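Turn this into a structure:
(chains A and B)
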Amino acid sequence: MDLKEKLVSSFLAFENRVDVDAYAHNLRSDAIKIFEEKGFPSKKEEAWKYTSLNSILKEDYSVFPKQENALEYSQVKQYFIHDIDSYKIIFIDGKYSSHLSQTTHDGIDVCLMSAALNKPKYQLVIENYFNKAAGKDSLTSLNTAFSCEGAYIHIPKNKIVEKPIQILHFSTGNESATMLQPRNLVVVGENSHVQIIERHQSLTDNPVLTNSVTEIFANKRAIVDYYKIQNDKENASLIDNTFIKQKRESLASVHTFAFGGKLTRNNLNFYQNGERIDSTLKGITIIGNKQHVDHNTLVHHIEPNCESHQDYKGIFADRSTGVFNGKVVVEKEAQKTNAFQANNNILISDKASINTKPQLEIFADDVKCSHGCTIGQLDENAMFYMRSRGIPEKEARALLMFAFSNNVLESVKIPELKQRITKIIANKLGVNIGFDL
Amino acid sequence: MLKINNLHASVEGKSILKGINLEVKPGEVHAIMGPNGSGKSTLASVVAGREDYEVTEGNIIFEGEDIEELAAEERAHKGVFLSFQYPIEIPGVSVTNFMKTAINESRKARGLEEMPAKDMLKLIREKSELLEIDRKFLSRSINEGFSGGEKKRNEIFQMAMLEPKLAILDETDSGLDIDALRIVANGVNKLKSKDNAVVVITHYQRLLDYIVPDFVHVLHNGKIVKSGTKELAHELEAKGYDWIKEEVGA
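Okay, here's the model as predicted:
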């Protein structure tokens, strides 16, 4: 039985296990039909031309993972940004871990999707927002069909949430391959501000496939800063589907730090429903071995006077492969749009490759849209310059690569997070130097 | 300190240095002059360890050791410094961080601890004052958007920070106005001691009014064709290089 059949035939059993809420039930039933009809995407589809899921779909995943291990904080502390005071929503093999988490209902809701889907007090928010931004593509539908757990964050209007919120998904599956389908919902009210850090981390050498969906709603003048840390084990793959709906004058940013697992696909979609909206999409990708990272972005400019800024840097070693497919749609009504997109890449091996494709669909006539992509190697003159000052080859290379990606890091607003990412990068580049540029 | 014996070097199969002999002792200032394309910058790059040049014959002895097999950074750790004719812009790396990394890597190579941040700041302040460099300058990306004069001053600032035994200044005077030239020369002169040496590569005699050489060598077609004292530089300035070419050709 292949994975698709297995998932479809497991659906009834799944629905019997969760409390069947009428609202979500209908959505799930519709979604499984879409998935059944479409199946997993193949390279024949334009959006999947450079990313094949074949190698990860052939595993015999357990689709209802058991929680095999309770984890102690000390075992997983390294995956937290632990030097800051934060809310934490932690899952182990898809199940909520109350003793690792720190949730709240004090003025804001930072808690669980399972609770939100089932308790009457959340019903209104769920009916207004749940599955309202998510797309109808097959992978998102698959997630919707099995949606039952994840982070639920609701910030009412006029709240500045001082503490960042960390969402961590651990997988421990010691006995078998595991498939996880977390579902997160973030609703940020008028004038409110929230910072969220998300990480998926495998603790096992067994294969893990995560098909995650996150819906984010930024209401009027809300500010949402979302950070994704992807630095997983070499047998862990992630398909991240994130949908962000913005209302007027809101600011939303997503930083994606993709240091790889086996295969990572980021489907990041912004929809601007209002004027004077600002959307920022930034990413640093540093991978090696046979890792694969694919950034597939969409910014949909629907109304006038909005901006979007995309800046993705990639460094590819060994036989790693990268994809950047950035689509910007500017509707006819969206005059005075400023849309910028840049994708710069360095290949440090002859065997590494990157496919980069900007896609602009502009129907308005008074707009500023730019895109640029570059693929290059490290500047040998700069290398000699640094080495002639006593900086060894490896360190010089690392410093150049860090400098190359640094402007993406500069916009990270949480200093401890910035430091952590810096450390991960140094580690990834195999050097022990301070990049305090 | 430096002894170059019958050095032949080529780049991409093209022979550029064709038998250079040069000896530099501690405390000395040597000037290497010569027309464009005579091999001056190649000589500087080969001594500093640039990899795209191939040494085909001869050797370079620094402090009694053949350094031909050493990487550029290893030569730097031993005390060789090259002030670039065209300093490289490195966007995203500040002058301060570049120097910190360079100094600490050199210290590491010598088995020393990293320099404490406080000492580093003090050193940077001291040396930037010597070269009359504005503090704001130090947090900018190295050489990015610097004027020609700023780049050269920055090179000598780096030299002051690293305190090399042998400094090779490749066309340090090009692109400098008279004030910048004076600042740069003053910096070099203050760094001079009986234990270190300077090799000044220049097309013109101008810089040698400020950094006075003990010896002047004329490089032509990959060879040192004439050596003398500082008077030779004046002669070259007055008469140009053609008479040398004729003399050699004859």
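
Find the nearest non-adjacent residue to the residue of chain A found nearest chain B, please.
With CB to the nearest CB as the measure, residue A:403 is the residue of chain A nearest to chain B, at 2.9 Å. (C-beta placed from N, C-alpha, C; glycine too.) Nearest residue to residue A:403, sequence neighbours excluded (CB to CB, 6 or more residues apart in numbering or on different chains): residue B:92, at 2.9 Å.

That neighbour: neighbour count?
21 (other CB atoms under 10 Å in any protein chain shown).

Can you name the residue of chain B nearest to chain A?
residue B:92 (2.9 Å).

Which residue, other than its chain neighbours, is closest to residue 108?
All of this refers to chain A. Per CB to CB, 6+ apart, closest to residue A:108 is residue A:155, 4.9 Å.

You answered for a different chain; I wanted chain B.
Per CB to CB, 6+ apart, closest to residue B:108 is residue B:114, 7.4 Å.

Verify the stated contact: the one you found with residue B:104.
Yes: in terms of CB atoms under 8 Å, residue B:114 counts as a neighbour of residue B:104; the distance is 4.6 Å.

Same drill for these two, tell me which one is more crowded.
Comparing residue B:114 with residue B:104 by other CB under 10 Å, the one with more neighbours is residue B:104, at 20 against 15.

I'd guess that one is in a strand, am I close?
No: counting by DSSP: H, G, I helix; E, B strand; the rest coil, one finds residue B:104 to be helix, located in no strand.

I figured residue A:153 was touching residue A:194, is that so?
Yes: with contact defined as CB under 8 Å, residue A:153 counts as touching residue A:194 (7.0 Å).

which residues are common contacts for the two?
Residues touching both residue A:153 and residue A:194 (CB atoms under 8 Å, 6 or more residues apart in numbering or on different chains): A:165, A:186, A:188.

So which of these wins on neighbours?
Neighbour-wise, those (other CB under 10 Å) top out at residue A:188, 28 neighbours.

Assign the residue nearest to residue B:108 to helix, strand or coil.
coil.

that older thread, output the helix or strand harbouring the residue nearest to residue A:403 as CSV, nothing but the C-alphas.
Taking DSSP states H and E as the definition, residue B:92 sits inside strand B:90-94. Written as CSV, here are the backbone C-alpha positions of strand B:90-94 (Å, rounded to 0.1, in the frame of the first residue of the first chain):
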residue,chain,number,x,y,z
ILE,B,90,34.4,43.0,1.3
PRO,B,91,30.7,44.0,1.8
GLY,B,92,29.4,42.9,5.2
VAL,B,93,32.7,42.7,7.0
SER,B,94,33.6,45.7,9.1
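
that's a helix at residue A:382, yeah?
Yes: using three-state DSSP, the assignment for residue A:382 is a helix.

contacting residues for it?
With CB under 8 Å, 6+ apart, residue A:382 has these contacts: A:396, A:400, B:88-90.

And the helices in the stretch 51-200 of chain A?
A:54-57, A:73-76, A:113-118, A:123-129, A:138-145 (DSSP state H, counting those that start in this stretch).

Repeat that for chain B.
B:40-48, B:72-78, B:95-109, B:117-130, B:148-162, B:178-191, B:230-239, B:242-249 (DSSP state H).

and residue 26, what are its phi and psi?
This is for chain A. For residue A:26, the backbone dihedrals (degrees, to the nearest 10) come out as phi -60, psi -40.

looking at chain B here, not the other one
Dihedral angles (degrees, to the nearest 10) for residue B:26: phi -50, psi 140.

Any idea how many residues pack against it?
Neighbours around residue B:26, by other CB under 10 Å: 14.

sorry, back to before: quick check: which of the helices of chain B is nearest to residue A:221?
Proximity to residue A:221 (CB to CB) singles out helix B:95-109 among the helices of chain B, at 37.5 Å.

Can you tell me which helices and strands that closest one packs against?
helix A:393-409, helix B:72-78, helix B:117-130, strand B:141-142, helix B:148-162 (3 or more CB pairs under 8 Å, 6 or more residues apart in numbering or on different chains; DSSP states H and E).

do you know how far residue A:299 is from residue A:30?
Separation of residue A:299 from residue A:30 (CB to CB, to the nearest Å) stands at 27 Å.

no, scratch that, I was asking about residue B:4
Distance from residue B:4 to residue A:30, by CB to CB: 81 Å.

confidence score at the most centrally placed residue in chain B?
Nearest to the mean C-alpha position of chain B, counting by CA atoms, centre = their mean, stands residue B:168 at 2.1 Å. Here, the pLDDT recorded for residue B:168 equals 97.

beta partners for it?
residue B:82, residue B:199 (DSSP bridges).

Quick check: it touching residue B:85?
No: counting by CB under 8 Å, residue B:168 sits too far from residue B:85 to count as a contact (10.5 Å).

residues shared between the contacts of those two?
residue B:44.

which stretches of chain B have low pLDDT?
B:249-250 (pLDDT under 70).

what about the closest residue to residue A:412 other than its chain neighbours, how many neighbours?
Spatial nearest neighbour of residue A:412, excluding adjacent residues (CB to CB, 6+ apart): residue A:418 at 4.4 Å. Residue A:418: 16 surrounding residues under other CB under 10 Å.
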